[in-house]
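Visitor: What follows is a predicted protein model with its sequence.
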Amino acid sequence: MKRDPALLSAITALWLSLAVFVLYPFGRLLYATFFADGYFSLAGLMRIFTNWYDRAAVINSLFLALAVSLAGVLLGFLFAFAVTRMSLPRPLKWALGAIPVLPLISPPFTSSIAITLALGPNGMIFRWLGLPQFNIFGFWGTWLSETLTVFPVAFLTLSAVLAAIDPNLEDASLSLGKSRLGTFFAVTLPLSAPGLANAFLLLFASSLADFATPLVLAGHSFPVLPTQAYLQITGMHDLRSGASLSFVLLIPALLVYALQRYWLSSKSFVTITGKAGPRSGIRSLGAGPETAVLAVCLLTSVFVLFLYAIIFLGSLVKVWGVNNTLTLDHYNYVFTRGAKAIEDTFLIACTATPLGAILGTAFGYLTSRMKFPGSRFMEFASMLNYALPGTVVGISYIIAFNTGPVVLTGTMAIIVSAYVFRYDATGIRATVASLQQIDPSLEEASLSLGESAFGTFRKVTLPLIVPAVTAGMKFLFIRAMTAISATIFLVSVHWTLLTTRILECMTEMQFAQASAFSIVLILIVFAASGCISLAFRIAYPRYSR
Amino acid sequence: MAVGISLEHLTKTFVKDKNEFRAVDDVHLALNPGELVTFLGPSGCGKTTTLRMIAGFETPSAGRILFDGRDVTDIQVNRRDIGFVFQNYALFPHMTIHDNVAYGLRARKHPDASIRAKVRESLDLVGLPGVEGRYPNQLSGGEQQRVALARVLALEPQVLLMDEPLSNLDAKLRIHMRTEIRRIQKQLGLTCLYVTHDQKEALTLADRIVVMNKGRVEQIDTPFELYANPATLFVADFIGQANVLPALAADGPADYLPVTCYGRQYAVRYLRDRTYTKNGAVSLVVRPESLRLGAPTAATLPGTVQLRTFVGDRLEYEIALPDGKVIHVEEPYMIGVPVHEEGEAVGVIVSPADIVALPG
């Protein structure tokens, strides 16, 4: 195809945006880590390995990530198995599929707050059960809360993998004389191995990068890297140490990203047998093991629901565990003292979402449909901020935009751009995946009928990838409302966020207000993602059929 | 409105894993206005790439494309005024049939009223009146391909390009659509290029056939000439079935070529270039249906019936020659033609008029 001037300027604009908001901050972060006063120096990094507290943070982070991802993958696999491989009554199946999604769309503090209320000082569970008080702060609380927050990711990945395994393979094993349990260990489990590995990597990365949970639950006895970097910067105003700490955090994150890409590209997922024969009825494991799986899933579901109930009740009583009179005072507080945070967050999310949708669609379309020099690198760069832990992105943004040619500190733009370039990744992936399903001959047909390249994109391509764009927008909106790890470094007097307000409430022990903020946030997220779906359904009615 | 198309030394090279690969190699040909020409060849022979260059989907690495003498090589596909019909129909799934057929007219900013009339007219032309309100997935494969055709015809293009348009349809529908396409093309007098790998389709549809192999043109001729006078062994083998017999040629008079094949003498009429057949090895191409079986005599090729297959209207024999080479013979199943048994010694009667001599 001939060089199109419009295409050329679009590619230039995208490169420019990547250079400013992805590559430049990343470069400044590396510079701050490795250069002191203009000279190359490893002193910053060395200090982490000589200072016992920082060293503990490194070890704790890795240990916590390992423990969380093992538990999360196990829990996710049990849920996925129950939903895809066991014959359960429909409503139960639906509930087991829906409950794990709740933590995915909640602000990051939800389970931390609830666990503090339930298991912390004055916690109700220990009193109910008459157990001696147990200090939940530290490893155990962080582990429990993070596992509950991240296992849904494993559940979603693994149910797709399990659903794709042809039941005929299990039938074949049974017909060859294996027992049900033997079949599970000889056929089902090995076939899901690549999926399990992938889920493990995803969970490992998100636990490593998790900032909100340890901030609330880890305490001083259990330092981890993201919180340590945050405290260095906000507490000690030591940008260099923060940069060095986040660099240490960056290495395992990039490693996981590379491994995951390798796994996905070698396509070792067991998905296809090609022939869509009649699917036989679902074989169960046998009564004993099935009951065990179901019991674990139900207990977890009840516990998750219980945590949400606590948040809800906690936002409605005067003082949790002390004075249980019902009151709306906390909501009054949210809508008066917290009104600015709500407005700011909403405005920021509403700005970031359409921008991210446009950019994500453009990145996805150009990198997968147009062959131009550097398109592979553009794809890599467009996903970089998503692969990096939020803390790293946040720190690199303050380093980059505090001084130098582009100063954005304290503006709305710095928060919006952090969200856009970090969370349009889902939109990009969905766009690419959905473009791969669309035969290029549709676009060629449009061109051969006399339509211009832009008209073809608007009339043919865009309507066909609308579901992907919608999914990307929803994800971006939810993240813009609920994320904290990157943007906590970027908030200012002028622009504040709901999540940072929740954090302030937590540090001031205002649990009720924190709960009320969380409930309001969850409701806004629900309403807004409903609105996004509805808007697209009205704009492109063909998809509502 | 029909235009003539010239391809001048058209070449397309792709680079794959650092290896250059010539998908289309110096294709040079001219099509007359109103002519239906098929590009025929095995997969990977460059026929589709050639068509896509004429459409403007691919840019030639070298050479020119001319419409009525006007160079269109650098004109974008949406300005080239061609109609392209795809193998997989490529109907827009999110638009109704009306919107699909109206698509090109809207791109050309036709007024609404004339679009409506034009859409109806085109759908009538392809024999699908009244489907305007439906969506593509509510039509059968054959109907979808007719809509795709209507979508292109509505624009009254100068050139109609079709890329294996019938290969996704079942056999019966394919024959029906073949005649439909031919009828419409003649009725509108369109210059039409049609890519196929199905030789039957090419033979029945085309005014002329371009046989391609490994990016090069092997032969351009009418279906009759192509079948009776193949220019290369590839063409002989690709179109219909061919027996290839080794022979030695001797120098002879201007109007025929004496050859010796399995010790028998034949006087083969000259074809094309006579230099290659002088005093050297030649290959004789004979179609199975032009061979006859009889009792072994001094004038016939001696052979043994190895396999006999009855196919209703005819019998197909595999005959082993003395050196073990197997040739195919087809005889009609009718009164007066004797049926031979497997293992029987027979004489193969070759009529010199049916022999084509090729180099090597």
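Guide: Done, it's in. Not measured: the values here are computed from a predicted model.

Visitor: And the residue of the stretch 1-150 of chain B closest to chain A?
Guide: Closest approach between the stretch 1-150 of chain B and chain A, counting by C-beta to the nearest C-beta: B:G104, at 3.4 Å. Glycine gets a C-beta too; all of them are placed from N, C-alpha and C.

Visitor: what's near enough to touch that residue?
Guide: For B:G104, the contact set (C-beta atoms under 8 Å, 6 or more residues apart in numbering or on different chains) comprises A:L449, A:G450, A:E451, B:R151, B:V152, B:A154, B:L155.

Visitor: and the residue of the stretch 401-545 of chain A at minimum distance from chain B, what are its phi and psi?
Guide: Residue nearest to chain B within the stretch 401-545 of chain A (C-beta to the nearest C-beta): A:L449, separated by 3.4 Å. Backbone torsions for A:L449, taken as degrees, to the nearest 10, come to phi -90, psi 0.

Visitor: Which secondary structure state does the residue of the stretch 1-150 of chain B closest to chain A sit in?
Guide: helix (DSSP: H, G, I helix; E, B strand; the rest coil).

Visitor: okay, the closest residue to it other than its chain neighbours: pLDDT?
Guide: Spatial nearest neighbour of B:G104, excluding adjacent residues (C-beta to C-beta, 6 or more residues apart in numbering or on different chains): A:L449 at 3.4 Å. You'll see A:L449 listed with a pLDDT of 92.

Visitor: how deep is A:L449 tucked in, by neighbour count?
Guide: With neighbours defined by other C-beta atoms under 10 Å in any protein chain shown, the count for A:L449 comes to 28.

Visitor: you'd agree it is up against B:L153?
Guide: No. With contact defined as C-beta atoms under 8 Å, A:L449 and B:L153 do not form a contacting pair (11.4 Å).

Visitor: Give the buried residues for the longest helix belonging to chain B.
Guide: Counting residues, the longest helix found in chain B (DSSP state H) is helix B:171-188. Buried positions in helix B:171-188, judged by neighbour count with 16 or more other C-beta atoms under 10 Å in any protein chain shown: B:L173, B:R174, B:M177, B:R178, B:E180, B:I181, B:R182, B:I184, B:Q185, B:L188.

Visitor: Reformat the residues you listed as JSON lines; add pLDDT.
Guide: Shown next, in JSON lines, are the buried residues of helix B:171-188 (pLDDT from 0 to 100):
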{"residue": "B:L173", "pLDDT": "84"}
{"residue": "B:R174", "pLDDT": "87"}
{"residue": "B:M177", "pLDDT": "87"}
{"residue": "B:R178", "pLDDT": "90"}
{"residue": "B:E180", "pLDDT": "88"}
{"residue": "B:I181", "pLDDT": "90"}
{"residue": "B:R182", "pLDDT": "92"}
{"residue": "B:I184", "pLDDT": "89"}
{"residue": "B:Q185", "pLDDT": "92"}
{"residue": "B:L188", "pLDDT": "89"}
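
Visitor: Return the nearest residue of the stretch 251-400 of chain A with respect to chain B.
Guide: For the stretch 251-400 of chain A, C-beta to the nearest C-beta, closest residue to chain B: A:K371, 11.6 Å.

Visitor: quick one on the thing from earlier: where's the longest helix of chain B relative to the chain centroid, distance-wise?
Guide: Taking C-alpha atoms, centre = their mean, to the nearest Å, one finds the center of helix B:171-188 at 15 Å from the center of the full chain.

Visitor: Can you work out which other helices and strands pack against the next helix or strand after it?
Guide: Per DSSP states H and E, the first helix or strand lying C-terminal to helix B:171-188 is strand B:191-196. Here strand B:191-196 touches strand B:36-40, helix B:47-55, strand B:159-163, helix B:199-205, going by 3 or more C-beta pairs under 8 Å, 6 or more residues apart in numbering or on different chains; DSSP states H and E.

Visitor: Mind doing that once more with 10 Å?
Guide: strand B:19-31, strand B:36-40, helix B:47-55, strand B:82-85, strand B:159-163, helix B:171-188, helix B:199-205, strand B:208-213 (3 or more C-beta pairs under 10 Å, 6 or more residues apart in numbering or on different chains; DSSP states H and E).

Visitor: Redo those as TSV? Include distance to chain A.
Guide: Listed next are those as TSV, based on distance: least, C-beta to the nearest C-beta, whole Å:
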stretch	distance to chain A
strand B:19-31	16
strand B:36-40	17
helix B:47-55	6
strand B:82-85	4
strand B:159-163	8
helix B:171-188	17
helix B:199-205	20
strand B:208-213	21
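
Visitor: so which of these gets nearest A:G182?
Guide: Nearest of the helices and strands packed on strand B:191-196 to A:G182, taken as C-beta to C-beta: helix B:171-188 at 48.6 Å.

Visitor: Which neighbouring elements make contact with the closest one?
Guide: Under the contact definition 3+ C-beta pairs under 10 Å, 6+ apart, helix B:171-188 sits against strand B:36-40, helix B:112-125, helix B:141-153, strand B:159-163, strand B:191-196, helix B:199-205.

Visitor: The fourth one pairs with which strands, and in what direction?
Guide: Read that as strand B:159-163. strand B:82-85 (parallel), strand B:191-196 (parallel) (DSSP bridges).

Visitor: now the longest one: how far from the chain's centre is it?
Guide: Looking back up the chat, that one is strand B:191-196. That offset, for strand B:191-196, works out to 9 Å (C-alpha atoms, centre = their mean).

Visitor: Report how many residues lie close to the residue of the stretch 251-400 of chain A closest to chain B.
Guide: Applying other C-beta under 10 Å, we find 10 residues neighbouring A:K371.

Visitor: So whichever strand or helix holds A:F377, near chain B or not?
Guide: Element membership for A:F377, per DSSP H and E: helix A:375-387. No. Residues of helix A:375-387 contacting chain B under C-beta under 10 Å from any C-beta of the partner chain: none, with a closest distance of 15.7 Å.

Visitor: show me what contacts A:L435?
Guide: A:T361, A:G364, A:Y365, A:T367, A:S368, A:R369, A:E443, A:T461, A:L464, A:I465, A:A468 (C-beta atoms under 10 Å, 6 or more residues apart in numbering or on different chains).

Visitor: Okay then, goodbye and thanks.
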